[in-house]
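S.K.: Could you look at this predicted model? Sequence included:
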Amino acid sequence: MATRTASFRPPASRGHGWRWALLGALLGGLLTLALFAPARWLAALLREQSAGHLVLVNPRGTVWNGVASVVFASGAGGADSISLPGALAWKLRPAWRGLSAALDLPCCTQQPLALVARPGVQGLHLQLRDGQSRWPAALLSGFGAPFNTLKPEGVLDLSTQGLELHLNRQQLAFQGRATLDATDISSSLSTLRPMGSYRVVLEGGSAPSLLLTTREGSLRLSGSGRWTGNRLRFSGEASAAPGREDALSNLLNIIGRREGARTIINLG
């Protein structure tokens, strides 16, 4: 009688099971890292991308939900820096082709600032929700010259409508409008306090422009500018109201080139 030989199949290789387990552990680790990445990573990225002008101090939480103090500085290694009162709380969420952000700054905004950031091959696109905010003029000193010399004080009210920015290494493009009202501005270069109140209007488009006018005050400022690539070229002039020449003489000598009673201001 013939004997039937049972066919034998070796068990599946254990090596394949270990590979799948290792891949699963790796993906799980990457997901955990992405969800719980520490806030200090975001602080390091902002410091690098802003060339040291925007610094998050003592960041806590994660990249997605965090809190930190905000410092505006005059660049990496710069001697001038200004801290905003209170703290910034942020929430980041994935959005279509980018990230949405809610920035809560009780010192300066009644409602959180909302923006959408979309990075791409041709640069970074930022879209800011319409709104109003109020900032201390002293923070401008943190941006370096000429503000660190002027050391301005006063109030800055910012209003935006349809503001969108496109940033890359070669060009800075705008859409929409931003209006900045600088009220009761004074400077360490003059004993006159305040010197005046001013308005700066930024208009976006194919050739973004900036217009400076005086609302009221003893220091009269006017001028206009345009962006060339990613640099602002501004031309303007300053003068003192009758009877205020002596109080403003020192400041007028420093901020530009004197031509009689006027000072010519050129930037960029």
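M.R.: Now that the structure is in, tell me what you want to look at.

S.K.: for residue 60, what are its contacts?
M.R.: Residues in contact with residue 60 (C-beta atoms under 8 Å, 6 or more residues apart in numbering) are 39, 66, 67, 68. Every residue, glycine included, has its C-beta placed from N, CA and C.

S.K.: now it: how far from residue 54?
M.R.: 17 Å (C-beta to C-beta, to the nearest Å).

S.K.: same deal with residue 128?
M.R.: Using C-beta to C-beta, residue 128 is found at 16 Å from residue 54.

S.K.: Name the residue in these two with the higher neighbour count.
M.R.: Taking other C-beta atoms under 10 Å, residue 128 and residue 54 do not tie; residue 128 has more neighbours (18 against 15).

S.K.: does the more buried one have beta-bridge partners, and which?
M.R.: Beta bridges link residue 128 to residue 115 when assigned by DSSP bridges.

S.K.: Tell me if I'm right that it and residue 158 touch.
M.R.: No: when contacts are counted by C-beta atoms under 8 Å, residue 128 is not listed as touching residue 158 (10.3 Å).

S.K.: Spit out the residues that contact the two alike.
M.R.: Both residue 128 and residue 158 lack any common contact, where contact means C-beta under 8 Å, 6+ apart.

S.K.: What lies in contact with stretch 82-89?
M.R.: Outside stretch 82-89, the residues within contact range by C-beta under 8 Å, 6+ apart are 56-57, 66-73, 103-108, 136, 138-142.

S.K.: Now, of those residues, which are buried?
M.R.: Buried by 16 or more other C-beta atoms under 10 Å: 56, 66, 68, 70-73, 103, 105, 108, 136, 138-142, out of the contacts of stretch 82-89.

S.K.: Closest one of these to residue 256?
M.R.: Taking C-beta to C-beta as the measure, residue 256 lies nearest residue 140 of the buried ones among the contacts of stretch 82-89, at 17.2 Å.

S.K.: For the most centrally placed residue in the chain, which non-adjacent residue is spatially closest?
M.R.: Nearest to the mean C-alpha position of the chain, by C-alpha atoms, centre = their mean, lies residue 54 at 7.1 Å. Excluding its sequence neighbours, the residue lying closest to residue 54 (C-beta to C-beta, 6 or more residues apart in numbering) is residue 46, at 5.3 Å.
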